[in-house]
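Chemist: Sequence first, then the predicted structure:
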Amino acid sequence: MKKLLTIMMALAVVALAPSSYAQENIITIGTGAVTGVYYPAGGAICRLVNRGRKEHGIRCFVESTGGSIYNLRALRDGEISLGIVQSDWQYNAYRGEGVFADGPPFRDLRSVFSLHSEMFTVAVAKDSGIKDFNGLKGKRVNIGDAGSGMRDIMQSLMDAHGWSKANLAEVNELKPTDAAHALCSGKIDAMVFAAGHPNGLIQEVTAGCGAKLVPLEGKEVDQLLAKNPYYARTAIPGGMYPGNPQNTATFGVKAMLVTTADADEEAVYQLTKAVFDNFDSFKTLHFVFATLEKDRMVPTGMVAPVHPGALRYFREVGLMKDELKPTAAGTPVSAASVSTASSGRALRPLPGIDPADADNNQ
């Protein structure tokens, strides 16, 4: 009898528990290597979401993964709830191009918001005389190691200028660390790099050997960006690096938080709200977030459509005021038709690290 009474009391406690605990919604963000930027970025997002889980019933985990391509495939397979990916890989996945050409286009892919820009950066020796991209002609240039994203961007820029390797005095294909050493030792005149800023390697070459950053602008860059909507204009802030007091115009891909069309609208709304309503706090959670601006984080819909949960928040706070949003194919669709993309399926959980359970998880 006593045992039966204990069981009945336990069941009563569960029945009377607040719905925010009884119906807790678990979401998982796929990121990248623990030593990279995507992993702490995911942790920063989860930390803010988990602060309010008593109110909205959502618990967020961050999962270390193989990066952009892995995350996009895991999203398609329903293995993670959201993922942080480069905007160019997102573009290719949505269309079934590039490394995703072996499968159908990922038309259920949706944008939530962007994070930092991974900027294409050209650093030149202080006595090289190079003032712009055209100044690289006839110089010794490290164009990036084969297979890297920076190498792909450099090749695209060279193509836009009508150049081949023959236009350079010497072509090097060194990895970033080796390129930095070569630049400071006078073995090359310029190196290219792609990363969020501030960046330790660029700090090394500017502080260590007085390297200068070269602006990337002009009609060739305009044409390249018009042709490839996953690139975005940006600038390296003046004064961020020694000897470079002016803003340096450039462009690059963006780190994007993405999900799928059938992800729960309320969960995506609450995640977006947690980050943007606590924006000043969010910017302190990783150094690459320091220069973020709210309006530049709102996706345009030109790479993949915006998820209705995120769209709802952006409209509520006035960050997205237009009545029509372009789809990834460039055809405007109404906000109402975008909102019907969600079927309300709960986001799927995976085992992971819960930032709410460890103060130093960042």
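Modeler: Cool, got the structure. Numbering: from 1, shown residues only.
Chemist: where does the protein dip in pLDDT?
Modeler: Within the chain, the ranges that satisfy pLDDT under 70 run 1-23, 322-362.
Chemist: Domains in it, by residue range?
Modeler: Per automatic domain parsing, the structural domains of the chain span 24-115+254-357, 119-253.
Chemist: just those: most buried one?
Modeler: Per-stretch averages of neighbours, counted by mean count of other C-beta atoms under 10 Å, single out domain 24-115+254-357 among those, with a mean of 19. Quick note: C-beta positions are derived from backbone N, CA and C, even for glycine.
Chemist: That one: how far from the chain's middle?
Modeler: Taking the mean of its C-alpha atoms, domain 24-115+254-357 sits 9 Å from the chain's own mean (C-alpha atoms, centre = their mean, to the nearest Å).
Chemist: Can you point out the helix or strand that includes Gln223?
Modeler: Using DSSP states H and E, Gln223 maps to helix 219-227.
Chemist: which outside residues touch the next helix or strand after that helix?
Modeler: Using DSSP H and E, the helix or strand that follows helix 219-227 in sequence is strand 231-236. The contact list for strand 231-236, computed with C-beta atoms under 8 Å, 6 or more residues apart in numbering, reads 87-88, 114, 117, 119, 121, 197, 213, 224-225, 244, 247-254.
Chemist: what do you get if the cut-off is 10 Å, keeping everything else the same?
Modeler: Applying C-beta atoms under 10 Å, 6 or more residues apart in numbering, the contact partners of strand 231-236 are 87-88, 91, 114, 116-121, 153, 156, 197-199, 202, 213, 215-217, 221-222, 224-225, 244, 246-254, 291, 296, 300, 302-303.
Chemist: Just the ones in strands from those residues, please.
Modeler: Counted as lying in strands by DSSP state E, out of those, are 114, 116-121, 213, 248-254.
Chemist: what sits against Glu217?
Modeler: Asp132, Phe133, Arg233, Ala235, Thr248, Ala249, Thr250, Phe251 are the contacts of Glu217 under C-beta under 10 Å, 6+ apart.
Chemist: can you list these in a markdown table and add distance to Phe279?
Modeler: As requested, the contacts of Glu217 are exported to a markdown table (distance: C-beta to C-beta, whole Å):
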| residue | distance to Phe279 |
| --- | --- |
| Asp132 | 35 |
| Phe133 | 34 |
| Arg233 | 22 |
| Ala235 | 20 |
| Thr248 | 25 |
| Ala249 | 25 |
| Thr250 | 24 |
| Phe251 | 24 |
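Chemist: between those residues, which is closest to Phe287?
Modeler: Nearest to Phe287 among the contacts of Glu217 is Ala235, at 17.1 Å by C-beta to C-beta.
Chemist: Output stretch 206-226 as CSV, restricted to C-alpha atoms.
Modeler: Below are the C-alpha coordinates for stretch 206-226, written out as CSV (Å, rounded to 0.1, in the frame of the first residue of the first chain):
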residue,chain,number,x,y,z
THR,A,206,50.9,43.1,-40.0
ALA,A,207,52.5,43.4,-36.6
GLY,A,208,55.5,41.2,-37.4
CYS,A,209,56.6,42.6,-40.8
GLY,A,210,54.5,45.6,-41.6
ALA,A,211,52.2,43.9,-44.2
LYS,A,212,49.5,46.0,-45.8
LEU,A,213,46.0,45.0,-46.6
VAL,A,214,44.9,45.6,-50.2
PRO,A,215,41.3,46.8,-51.0
LEU,A,216,39.3,44.6,-53.4
GLU,A,217,36.9,46.7,-55.5
GLY,A,218,36.1,47.8,-59.1
LYS,A,219,34.1,46.5,-62.0
GLU,A,220,35.6,43.1,-61.9
VAL,A,221,34.6,42.6,-58.3
ASP,A,222,31.2,44.0,-59.1
GLN,A,223,30.7,41.5,-61.8
LEU,A,224,31.9,38.6,-59.7
LEU,A,225,29.4,39.4,-56.9
ALA,A,226,26.6,39.9,-59.3
